[in-house]
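Visitor: How does the following fold in three dimensions:
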Amino acid sequence: MLAQALGYAQTPAMEGEQVLDLLEEQLAHPPQPETVYTFLRRSVITTLKANGEPGKVVHKTHRAFTDGRDQVLLELDGQPASMADRKTDRLHNLERQQRYLHRQGEEAAPAQSQLMQENMRRFRHKFRAEMEGLESCRERDTYALRLQPREEVILEHKGVNRLMDAMEARLWVDVQTHAPVRVSTRLVHPVSFLGGLLGLVRHIELSVDQQPIAPGLWVDEVITAEFDLRLLFKNIHFRIESRSEAFEPWVPHAEGANSTQQDGVEPK
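Guide: Alright, predicted model coming up:
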């Protein structure tokens, strides 16, 4: 058995909800690293045709940070981003955060730990956790959980509630630190709105892998997502693949600082 291979005699007696308690506690009181880290986030956004074949492909490179400040577009399709490119990209990101993260105006974006905590709060309310056992995930010992929607829990937003009722997720939680190592979710069956007149969500699949870059500081390293939906008469089908790399302490405008850190970035 895998549990024995990991050094455990049997599947742990801990219940799925107990693991979520530990995870929630870890997210609510994370260590506070004194150092802010910066890194590059390289993304590929592929528009998919009706038959699933790839269409337009856009490559983006952002400079991102661990303290919640906005990421900055550095390259667009292999070319240095212009000020107009950066403005368009920032407005797009701000609109998305206002819609999905309830960010107000120009206020600071939530730091990654806060974002993960808010997402866990929502999942905790709507989903129940079932322990699947111990698994090795990204070379770490983890509790593997399956999350199933509680149909008796009705969210205020009926559309979101219908979507979440049609989703299932898996979560891998680090045994030692109780940090989330990986989360994956998918739509089990299509969801229509007003009999399909307003829209139809055909497919959603999302996977996020995290890695620690300092004690207590975990960041998204790999994100893959695919969305296939129709809003009124507009079909939207695309895939996103994102990978973070080149993690290093952020040294804003200091003598001897890596000049590649400074491109288009203002001190917070």
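Visitor: Make sure residue 129 is actually in contact with residue 171.
Guide: Yes - counting by Cβ atoms under 8 Å, residue 171 is a contact partner of residue 129 at 7.4 Å. (C-beta placed from N, C-alpha, C; glycine too.)
Visitor: Give the residues shared as contacts by the two.
Guide: Counting by Cβ atoms under 8 Å, 6 or more residues apart in numbering, the common neighbours of residue 129 and residue 171 are 145, 147.
Visitor: Which residue ranges of the chain form strands?
Guide: Remark: strands assigned in the chain by DSSP state E are 37-48, 54-65, 72-76, 79-80, 127-137, 140-149, 167-174, 180-187, 191-193, 199-214, 217-231, 234-249.
Visitor: Among those, single out whichever gets nearest to residue 158.
Guide: Set against residue 158 and scored by Cβ to Cβ, these come closest in strand 191-193, at 9.3 Å.
Visitor: how distant is the closest one from the center of its chain?
Guide: On the basis of Cα atoms, centre = their mean, to the nearest Å, strand 191-193 sits 24 Å off its chain's mean C-alpha point.
Visitor: and if you look at stretch 160-179?
Guide: The answer for stretch 160-179 is 11 Å, by Cα atoms, centre = their mean.
Visitor: And that stretch, what's buried?
Guide: By 16 or more other Cβ atoms under 10 Å, the buried positions in stretch 160-179 come out as 161, 163-167, 169-175, 177-179.
Visitor: got any ranges where the stretch 51-200 of the chain has weak pLDDT?
Guide: The stretch 51-200 of the chain contains residues with pLDDT under 70 at 96-121.
Visitor: Mind putting the strands of the chain into TSV with distance to residue 156?
Guide: As requested, those are arranged in TSV below (distance: least, Cβ to Cβ, whole Å):
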stretch	distance to residue 156
strand 37-48	31
strand 54-65	32
strand 72-76	34
strand 79-80	44
strand 127-137	16
strand 140-149	15
strand 167-174	17
strand 180-187	20
strand 191-193	16
strand 199-214	19
strand 217-231	21
strand 234-249	25
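Visitor: between those, which gets nearest to residue 91?
Guide: Taking the strands of the chain one by one with Cβ to Cβ, strand 72-76 is closest: 11.2 Å.
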